[in-house]
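Enquirer: Below: sequence and its predicted model.
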Amino acid sequence: MSAPSRHSLPPRMRMPSALAWVLMVTFAAFFLQGLYGAEVSVDRLLRGATNFVRFVSLAIPPDFARWETIGWAMLETLNIAVVGVTFGCLLSIPLALLAARNTAPNGVIRFVARQLIAIARTIPDLIWALIFVVAVGLGPLAGILAIIMDTVGFVARFYSERFEEVQKGPAEALTSTGAGRLSVIAGAILPESFASMTATSLYSVEKAIRSAVTLGLVGAGGIGVELSTAMRLFQYDQAAAIILVVLVAVIGFEQLSSSIRKRII
Amino acid sequence: MRMPDAAKPPVLRAHEIHVRFGALHVLRGVSFDLARGEGAVLLGANGCGKSTLLRTLNGLATVESGRVDLNGRTITDAPSRVLRAARRQLGYVFQHFNLVPQLSAHQNVLFGAMGQRRFGVLSVANAFARTEDRERAMQCLERVGLADRATHRPAELSGGQQQRVAIARMLMQAPQVVIADEPIASLDPKAGREVLELLWRIVEEEGLSLLCTLHQLDLAQEFGKRIIGMKAGRVVLDAASPGIDRADLDALYQGAVRVDAAPTPQEAAA
């Protein structure tokens, strides 16, 4: 064996900073408190497992007797998602233009637009749905409005970030022909952003279908209403049928949208 | 040789232009006139203020003091309507071509007319453009020898071809003055020479004025009938090309040439 180096070995790990220690201890304390608060016990887990097995045994085979109702409800969910996302994306374009550094008319408008987008994004879709159920009553309209807000919060931010990334050159070239601001945006900035905007919009449809399912749980229309009713009446075989339909619809759309995205990018 | 008519106002006039970017005094009192039909080459080292000067001429850069006149009308600090009308008369050719990458060569050329049409982009988008505009764009492509590339996107064209599309876009704009900011700096020598010959030929055929920045002294002397030399934010040379000594051109690239290296007037006086 070779002789040991005359130099001392470098440490295996770096000593974390004081701040890192504080953060780690805080995290550990928070984690333990969460675990304690959830009252996790072997007894409860065992009972939960038994209940789960009972649910599964009642849910299989799924009961498709009400297939017509389930089908219409699923269609309504897809409608909510598509209509909501379409309006959401259309609203997002002007909002994103006002929020992007290179297209905003001035700093004040940009700040206001960014705050509006942030509010739309920070409030979860379920809470938007609760608010709109109060405002416009039970049914798909509340769901559509909730999806619009959720889509704007997410899509407008992505659009505006994309606008800020476009090359300056083409926009400058059109400006120097004497074109107005809107023409420059439509002629240079939108074409450059188009592929990424389409991909974002498709992704937001996927996201909206998933949220449209849960929005039904608070009465905002769609298949979630059926699911929550079936669960509450302990008709687990019907619930299983609904969950399967949702699964097929979501996976199907994800496949479709990813194949479209692959083509345009 | 036909001399420029002294009684006629110059088509483009820069008068005592000062531009400052923060602490940096980029243009330090630049003045020159460009006559109708005159082709001048602007020389100077990197960082001497050439590009900034060109950008002030069509209002892309903000002037601290001084003014730019186009056809006797001041366009510096003019309302945006006046500035846009002036920009229509100033065709710009960029170093990096600045074509819209997603659109065809033909559509990029059509966009040259964007500033002239009432509804801007809606009037020149291929789907809505008038047939005569679409035909004229095709003729512009023919003049730069790229009619067979009309449906190609910029990425499918060579650098020289892309710059020729940009020249066709400038032609579509039908300006009085052409500003070319290092139009061949991104091209190899052969393509660069071809583009420069094309640009000069079109400018002469159309009777346009041209202000073109270059880095090749040989080409500058060959093409420019007049050479304007800049050093550290000032015009230090302005003469008819045949009479200029090569040593005077070389001097533009020696010593304190950059704006950020040169002393300010106050420092120089101290």
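Expert: Perfect, I can see it now. Model, not experiment: these values are computed from the prediction. Numbering: from 1, shown residues only, chains lettered A, B, ... in the order given.
Enquirer: Confirm residue B:15 sits in a helix?
Expert: No: Residue B:15: not assigned to a helix; according to DSSP: H, G, I helix; E, B strand; the rest coil it is strand.
Enquirer: Hmm, residue B:69 and it touching each other?
Expert: Yes: Residue B:15 lies in contact with residue B:69 (Cβ atoms under 8 Å); the separation is 7.0 Å. Every C-beta, even on glycine, is put in place using the N, C-alpha and C of the backbone.
Enquirer: Just the strands from the chain, written as ranges.
Expert: Chain wasn't specified; assuming chain A. Counting by DSSP state E, one finds no strands in chain A.
Enquirer: sorry, should have said chain B
Expert: Going by DSSP E, chain B shows strands at B:12-21, B:24-34, B:39-43, B:65-70, B:73-74, B:90-93, B:177-180, B:209-213, B:226-231, B:234-240.
Enquirer: Looking at those strands, which is nearest to residue A:224?
Expert: Closest to residue A:224 of these is strand B:90-93 (Cβ to Cβ; 56.6 Å).
Enquirer: partners of that closest one, with directions?
Expert: Looking at strand B:90-93 with DSSP bridges, its partner strands are strand B:177-180 (parallel).
Enquirer: CA atoms of the partner strand as PDB?
Expert: Provided in PDB are the C-alpha atoms of strand B:177-180 (Å, rounded to 0.1, in the frame of the first residue of the first chain):
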ATOM      1  CA  VAL B 177     -33.100  56.400 -47.500                       C
ATOM      2  CA  VAL B 178     -31.500  53.100 -46.700                       C
ATOM      3  CA  ILE B 179     -29.700  52.600 -43.400                       C
ATOM      4  CA  ALA B 180     -27.600  49.400 -43.400                       C
END
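Enquirer: pLDDT of that strand, averaged?
Expert: Taken as a whole, strand B:177-180 has a mean pLDDT of 95.
Enquirer: What is the neighbour count of residue B:57?
Expert: Other residues near residue B:57 number 25, with proximity taken as other Cβ atoms under 10 Å in any protein chain shown.
Enquirer: Isn't it up against residue B:12?
Expert: Yes: between residue B:57 and residue B:12 there is a contact under Cβ under 8 Å: 6.8 Å.
Enquirer: Which residue comes closest to the residue in the stretch 51-200 of chain A that chain B sits nearest to once chain neighbours are left out?
Expert: Residue nearest to chain B within the stretch 51-200 of chain A: residue A:178 (2.7 Å; Cβ to the nearest Cβ). Counting by Cβ to Cβ, 6 or more residues apart in numbering or on different chains, residue A:178 lies nearest to residue B:115, which is 2.7 Å off, once chain neighbours are set aside.
Enquirer: List the contacts of that neighbour.
Expert: For residue B:115, the contacting residues are A:177-179, B:84, B:87-88, B:173, by Cβ atoms under 8 Å, 6 or more residues apart in numbering or on different chains.
Enquirer: Let's have the residues you listed in JSON lines, adding neighbour count, pLDDT and distance to residue B:157.
Expert: Shown next, in JSON lines, are the contacts of residue B:115 (neighbours: other Cβ atoms under 10 Å in any protein chain shown; pLDDT from 0 to 100; distance: Cβ to Cβ, whole Å):
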{"residue": "A:177", "neighbour count": "29", "pLDDT": "91", "distance to residue B:157": "20"}
{"residue": "A:178", "neighbour count": "23", "pLDDT": "90", "distance to residue B:157": "25"}
{"residue": "A:179", "neighbour count": "29", "pLDDT": "89", "distance to residue B:157": "23"}
{"residue": "B:84", "neighbour count": "19", "pLDDT": "90", "distance to residue B:157": "29"}
{"residue": "B:87", "neighbour count": "24", "pLDDT": "92", "distance to residue B:157": "26"}
{"residue": "B:88", "neighbour count": "21", "pLDDT": "92", "distance to residue B:157": "26"}
{"residue": "B:173", "neighbour count": "25", "pLDDT": "93", "distance to residue B:157": "20"}
